[in-house]
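Chemist: structure for this input, please:
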Amino acid sequence: MISKLLNSVSGIIAPAAIFLLLREYRAGKTWNMVFLAVSAVSLAVYLITGADRNYRRMKLWKRILRFFMFPALLAGAGIAASNFASGNTVRAVQFLTAAVILTAVYYALFKPGFALSEKEIENMDGREFEEYCAALLKRNGFRKVAVTQASNDYGADITAFRRGEKWVVQCKRYQIPIGNSSVQEVVAAMSHYDADRAAVMTNSTFTKNAVELALENDVELINGEELRKMSRA
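Modeler: The predicted structure is shown next:
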C-alpha cells in the first residue's frame, strides 16, 4: 500500500518538476533549470523502476531510500559541474567526491539485489520465485519475459524470447533434486505455447533421470549453481 502511494506521489511530482523547469527556462535561470531537469529525469527513472516487477521484493526502506538517493546523486554531480564552470574548484571537488561516494553506496544497495542468498530464495513463495527467475532471464539477454498466470499455466511459468526463439520455462523452488515430471511438463508446454525451446530453472539440482530426459528432448536445465551465476551476470 505504501509502495503504491510512493509511486503515486512521484507521479505527481514528476510533471510538477517539468512545469517548474519550463518556468525557470523562461526566466533565464540556467542552473536552476539544470537542477530541475535532473530531478525530473531521476523521478522518471524512479517511476519506471518502481513499476518494474523486478523490484517487488525490494524492502520498503530501500524503495524510500532509492527515491531520495538517486535525485541527490544527480544533483550533487550537477552542483559539482556548476562549480567547475564558475571556477570554484575546491567546492566542485567536494561535491564530486560526495557524488562518487553516493554512487558506490547506491550500487552496493541496489545492484546486487539479484544475488540473493539461499535462505532468501527458500523463504520465497512459488510466485516470488517465478518473478525472480523472470528477472534473471531479463538480466541475461532474454526479451519479452512474462510470468504466466498462477493456475492453469499448462506447464510453463514463464514465456520469453531470445535470438528469435520463443522459450517456455518452468521454475521449481525445492530443497530436493528435481525429477522427470518437471521436464515432461515443460516439454508438453512447448506445444501449447508454440515455443521453440524449453528450460527448467531451480535453486536445487536435478536427478540423473531428469538430466537424461532433458538431453533427449533438448531441454535446458538451470540448477542452483547456474542460477547464482546468472544473478551475478
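Chemist: use CA for all of it now, contacts and neighbours both
Modeler: Fine.
Chemist: doesn't residue 100 make contact with residue 76?
Modeler: No: using CA atoms under 8 Å as the test, residue 76 is too far from residue 100 to be in contact (9.2 Å).
Chemist: secondary structure class for residue 166?
Modeler: Using DSSP: H, G, I helix; E, B strand; the rest coil, the structure places residue 166 in strand.
Chemist: quick one: it and residue 160 touch, right?
Modeler: Yes: shown here, residue 166 and residue 160 form a contact pair, counting by CA under 8 Å, at 5.9 Å.
Chemist: overlap in contacts of those two?
Modeler: Contact criterion CA atoms under 8 Å, 6 or more residues apart in numbering; residues shared by residue 166 and residue 160: none found.
Chemist: which intervals of this structure have sub-threshold pLDDT?
Modeler: Where the chain drops to pLDDT under 70, the residues are 1-26, 28-75, 102, 105-117, 150-153, 233.
Chemist: nearest spatial neighbour of residue 210, skipping sequence neighbours?
Modeler: Nearest non-adjacent residue to residue 210, counting by CA to CA, 6 or more residues apart in numbering: residue 180, 4.5 Å away.
Chemist: for that neighbour, grab phi and psi.
Modeler: When quoted as degrees, to the nearest 10, the phi and psi of residue 180 stand at phi -60, psi -30.
Chemist: same thing with residue 156?
Modeler: Per degrees, to the nearest 10, the backbone of residue 156 is at phi -130, psi 130.
Chemist: quick check: it vs residue 232, distance?
Modeler: Separation of residue 156 from residue 232 (CA to CA, to the nearest Å): 25 Å.
Chemist: which of the two has more residues huddled nearby?
Modeler: Taking other CA atoms under 10 Å, residue 156 and residue 232 do not tie; residue 156 has more neighbours (27 against 16).
Chemist: and for residue 76, the neighbour number?
Modeler: 22.
Chemist: quickly find the element holding it.
Modeler: Assigned by DSSP states H and E, residue 76 belongs to helix 60-86.
Chemist: ok, residue 201 next?
Modeler: Short version, using DSSP H and E: residue 201 is in strand 197-202.
Chemist: other SSEs contacting that strand?
Modeler: If contacts are counted by 3 or more CA pairs under 8 Å, 6 or more residues apart in numbering; DSSP states H and E, strand 197-202 sits against strand 165-172, helix 180-192, strand 219-222, helix 224-232.
Chemist: out of these, which is closest to residue 149?
Modeler: Distance to residue 149, taken as CA to CA, is lowest for strand 165-172 among these, at 12.4 Å.
Chemist: list the contacts of that closest one.
Modeler: Residues from elsewhere that reach strand 165-172 (CA under 8 Å, 6+ apart): 126, 129-130, 133, 155-161, 178, 182, 186, 189-190, 193-203.
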